[in-house]
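*Asks:* Sequence and computational prediction follow.
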Amino acid sequence: MTVVDEIKSSVVKGVEDLYGIKVDPEKVITSLTRKEFTGDYTVVVFPFSKMAKKKPDEVGVEMGKYLVDNIDQINDSNVIKGFLNLSLSDTYWKNFLFNIANDSKYGKFDKNGKTVLVEFSSPNTNKPLHLGHIRNILLGWSAAKILEAAGYDAKKVQIVNDRGIAICKSMVAWQLFGEGATPASTNTKGDHFIGKYYVQFETAFKEEYKTWQNSADLPALPFEHDPEKMTEDEFWKKHKNWYFNNHSKLGASAKEMLLKWEANDEATRSLWKQMNGWVYEGFDETYEKLGVNFDKLYFESDTYILGKDIIEEGLKKNIFYRKEDSSVWIDLEDAKLDHKLVLRSDGTSVYMTQDIGTANVRHQDYGMDKMVYVVADEQDYHFKVLFEIMKRMGAPYADGLFHLSYGMVDLPTGKMKSREGTVIDADDLVKEVIEEARLKCLELGEVGNLPIDQQQEIFYKVGMSALKYFIVKVNPKKRMVFDPKESVDFQGQTGPYIQYAFVRTNGVGNTAKKDEVNLEDAKAYKGLEPSERELILQLSEYPHLVQLAAKELDPSIIAAYCYNIAKLYSKFWNDCKIFGLDKETVAFRVLLSQQVGTILKSGMELLGIEMPEQM
RNA sequence: GGUCUCAUAGCUCAACCGGAUAGAGCAGCUGCCUUCUAAGCAGCAGGUUCCAGGUUCGAGUCCUGGUGGGAUCACCA
């Protein structure tokens, strides 16, 4: 039982003993005492003062006395404006530090026997990964790590969108313009190689469309052009899809390719396999750089036909209904979600059907209790509908479905748009950030004399932490702005700042080893400086925050926490000397540094960030 | 137009689900390296939390109504 729990239950008992009122322990509000006041924990007494019909301060004083009398560790209390501040003894905090030093699993919860699937990344195979994917990947990875720490068996999966019109466009362009080139022959990373042909297709299509617009005998157009309401450009933009489907030569080739693919045409399938293979090689390289991996990949080419049988089952249960044209729908009006198509009139699947089917297959594979989809917030509606359907279908994991919805990454100039070339490429960004780190390390750090491969490793870790921390510190739900020039910083609330604090703890450890400091001596340490006390108090919050982050699926909670610890350690570093003092003090501060280092490392690991030994 | 979502310092973000005087970082200014790594520390300055009401001991947080951004409302994925 933690102190906080103990305080809460004592408050409950106290309220009952003193005033004869029963309260729910959940309703007891405690928090860390703010810096301006003396105390460690604060209890809000307003609710009890209302029930007891006494003045808040009066209740506070009575409760304070009760708690000091009944909980050994609490040795003082004060009341300010209805807030009861409780102080724990120095001995308590010192013992707390000794306890976690002996607990190798501090902050890691016992297995709860539940399995959770985390789906993330899920790229299309027609172009390379970009900054948006990076946010997705970091969130997914981190969510999985946090859930693991909270006791779940977390499986990392993705659905690879490897089929459809987009990849066919790349295939057509490669046939038309490729002249047999390969990633190897052009010395290009596979995903970039394919992306190049996708862009080439789009460019050629645009040209074709333009020529057609200016040609003499245009057919009747489906949309009217009202010059008052739209510009010429907007007018043609509106017709783009229609043109692609009905008049474009390139469009026809791509569509033909798709039909052949669906008909299992041998040549088409083998070209498709080859081109996707190139893309996967490229993706793997990027994933490795980002330090992530997956337990299982699901491919849309396998799953896109799934789900139909489930729809049939649902039809029997009257969850779905069939229209006259034999398309199948679900009525979700009572959930304020409208009617939604789940099967086309020709009997083929739609996106929703696939997702239903895929969820089912995953349940056969893993029997998961929970599933987290890391997908951008533009799909909020889709997942609301999907989850509602799964609930009505009675899926056993329906209550464990969670959409980790995150906001887009914007540039200072506005949205990233692949069509306008304003996309930040993942590989470029990684490379840039490592280069920045190299310059910074050589300027500020003490790495110049290390062997070159160790230097490289440090540059990599520092650069990646700057990038990752910047992204993961923001609450996932919020849109965020990424300024390529300024965003990836190395000072202040950043990854490298936290790494720097860690490197200091590491240095302390090395010196302690050299000086043969005996950590047992720490137990005889007599004092406790404010910055030491504050640090230990924060260390004690770690498990609680891991749980909170797991519950909210929010890595930014951990990111903020790590920063907090690093900051307090930096303060401690400045306030307190570590070596060259009596052996008890030295031992205690070495032990404290060691624990700070341990927590920083495991906290940052939850965010997918590695710590360098030195920098 | 319906639905969802967001709005906090010049900029980028916090505020642990309603708690004390709204906090950090960056940018700006002032100090601190002969001593464990100054990627640091201490300090100054910066706010009508978009607006108007409401709920209550207490509202950035909840409710209503505005304003402004974004998303979504396909037999696309």
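*Replies:* Okay, I see it.

*Asks:* Show me the strands in the stretch 351-500 of chain A, by range?
*Replies:* Shown for the stretch 351-500 of chain A, the strands assigned by DSSP state E, counting those that start in this stretch span residues A:370-376, A:401-406, A:409-410, A:480-481.

*Asks:* I meant to write chain A there.
*Replies:* Ranges of strands in chain A, per DSSP state E, are A:30-32, A:41-44, A:74-80, A:83-88, A:115-119, A:153-160, A:296-299, A:320-322, A:328-331, A:339-343, A:370-376, A:401-406, A:409-410, A:480-481.

*Asks:* what's the fourth one packed up against?
*Replies:* Other elements packing on strand A:83-88 under the criterion 3 or more Cβ pairs under 8 Å, 6 or more residues apart in numbering; DSSP states H and E are strand A:41-44, helix A:56-70, strand A:74-80. To be clear about C-beta, it is placed using only N, CA and C from the backbone, and glycine gets the same treatment.

*Asks:* nearest to A:S87, of these?
*Replies:* Between A:S87 and the helices and strands packed on strand A:83-88, the shortest separation by Cβ to Cβ is 4.1 Å, and it involves strand A:74-80.

*Asks:* Could you tell me the angle between the direction of that closest one and that of strand A:83-88?
*Replies:* Per axes from the mean of the first three to the mean of the last three Cα atoms, to 10 degrees, the angle that strand A:74-80 makes with strand A:83-88 is 160 degrees.

*Asks:* Could you list every helix and strand in contact with strand A:74-80?
*Replies:* helix A:56-70, strand A:83-88.

*Asks:* about what we covered before: dump the strands of the stretch 351-500 of chain A to TSV, plus distance to A:F572, mean neighbour count and mean pLDDT.
*Replies:* Putting the strands of the stretch 351-500 of chain A into TSV (distance: least, Cβ to Cβ, whole Å; neighbours: other Cβ atoms under 10 Å; pLDDT from 0 to 100) gives the following:
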stretch	distance to A:F572	mean neighbour count	mean pLDDT
strand A:370-376	36	21	96
strand A:401-406	35	20	96
strand A:409-410	35	19	90
strand A:480-481	31	14	90
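
*Asks:* before we move on, the earlier item: distance to A:T358 for the strands of chain A - can I get that in a markdown table?
*Replies:* Output for those, formatted as a markdown table (distance: least, Cβ to Cβ, whole Å):
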| stretch | distance to A:T358 |
| --- | --- |
| strand A:30-32 | 42 |
| strand A:41-44 | 46 |
| strand A:74-80 | 53 |
| strand A:83-88 | 51 |
| strand A:115-119 | 9 |
| strand A:153-160 | 6 |
| strand A:296-299 | 6 |
| strand A:320-322 | 18 |
| strand A:328-331 | 17 |
| strand A:339-343 | 14 |
| strand A:370-376 | 10 |
| strand A:401-406 | 12 |
| strand A:409-410 | 26 |
| strand A:480-481 | 29 |
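
*Asks:* Relative to A:K567, which of these is closest?
*Replies:* strand A:30-32 (14.7 Å).

*Asks:* Surely A:L258 and A:K169 touch.
*Replies:* No - using Cβ atoms under 8 Å, A:L258 and A:K169 do not qualify as a contacting pair, with a distance of 9.6 Å.

*Asks:* Looking only at neighbour counts, state which of these two leads.
*Replies:* A:K169 (25 against 20; other Cβ atoms under 10 Å).

*Asks:* Can you name the residues that contact the nearest residue to that one once chain neighbours are set aside?
*Replies:* When the adjacent residues along the chain are set aside, A:K169 lies closest to A:F201, with 4.2 Å between them (Cβ to Cβ, 6 or more residues apart in numbering). With Cβ atoms under 8 Å, 6 or more residues apart in numbering as the criterion, the residues that contact A:F201 are A:K169, A:S170, A:V172, A:A173, A:L250, A:A254.

*Asks:* and if we set it to 10 Å?
*Replies:* The contact partners of A:F201, by Cβ atoms under 10 Å, 6 or more residues apart in numbering, come to A:126, A:166, A:168-174, A:176-177, A:250, A:253-254.

*Asks:* got the residue ranges for the helices in the stretch 301-450 of chain A?
*Replies:* When assigned using DSSP state H, counting those that start in this stretch, the helices of the stretch 301-450 of chain A occupy the ranges A:308-316, A:351-366, A:380-392, A:426-444.

*Asks:* Point out the most buried one among the helices and strands packed on strand A:83-88.
*Replies:* The highest average neighbour count among the helices and strands packed on strand A:83-88, using mean count of other Cβ atoms under 10 Å, belongs to strand A:41-44 at a mean of 20.

*Asks:* Please enumerate residues in contact with it?
*Replies:* Residues contacting strand A:41-44 (Cβ under 10 Å, 6+ apart): A:3-4, A:7-8, A:10-11, A:14, A:28-34, A:56, A:60, A:63-64, A:67, A:74, A:77, A:79-80, A:82-88, A:537.

*Asks:* is it true that A:R533 touches A:G39?
*Replies:* No - checked against Cβ atoms under 10 Å, the pair A:R533 and A:G39 is beyond contact range at 11.5 Å.

*Asks:* from memory A:K169 sits against A:G195, does it?
*Replies:* No - between A:K169 and A:G195 there is no contact under Cβ under 10 Å: 11.0 Å.

*Asks:* Could you check the pLDDT of the spatially closest residue to A:Y106 that is not a sequence neighbour?
*Replies:* When the adjacent residues along the chain are set aside, A:Y106 lies closest to A:I100, with 4.7 Å between them (Cβ to Cβ, 6+ apart). The per-residue pLDDT reported for A:I100 equals 96.

*Asks:* was I right about A:I100 contacting A:I536?
*Replies:* Yes - with contact defined as Cβ under 10 Å, A:I100 reaches A:I536; the gap is 8.9 Å.

*Asks:* contacting residues around the residue of the stretch 451-600 of chain A found nearest RNA strand B?
*Replies:* Proximity of the stretch 451-600 of chain A to RNA strand B (Cβ to the nearest atom of the strand) peaks at A:G492, 2.0 Å away. With contact taken as Cβ under 10 Å, 6+ apart, A:G492 is in contact with A:Y563, A:K567.

*Asks:* So what's the predicted local confidence for it?
*Replies:* Note on A:G492: pLDDT of 95.

*Asks:* Could you report the separation of it from A:A501?
*Replies:* With the distance defined as Cβ to Cβ, to the nearest Å, A:G492 ends up 13 Å from A:A501.

*Asks:* residue ranges with poor pLDDT in the stretch 351-500 of chain A?
*Replies:* Confidence mapping of the stretch 351-500 of chain A against pLDDT under 70 gives the ranges A:419.

*Asks:* can you list the residues of it near RNA strand B?
*Replies:* Proximity of the stretch 351-500 of chain A to RNA strand B (Cβ under 7 Å from any atom of the strand) is limited to residues A:351, A:354, A:377-382, A:408, A:415, A:437, A:440-441, A:444-447, A:462, A:473-475, A:477-481, A:483, A:486-487, A:489-494, A:496-497, A:500.

*Asks:* which of the residues you listed are buried?
*Replies:* Neighbour counting over these (16 or more other Cβ atoms under 10 Å) leaves A:354, A:377, A:382, A:437, A:440-441, A:445, A:447, A:462, A:473-474, A:480, A:487, A:489-490, A:493-494, A:496-497, A:500 as the buried ones.

*Asks:* Might you report the residue contacts of the spatially most central residue of chain A?
*Replies:* Within chain A, the residue whose C-alpha comes closest to the C-alpha centroid is A:L139; the distance, by Cα atoms, centre = their mean, is 1.4 Å. Taking Cβ under 10 Å, 6+ apart, we find A:L139 in contact with A:118, A:120, A:372, A:374, A:404, A:406, A:471-472, A:474, A:476, A:553-556, A:607-608.
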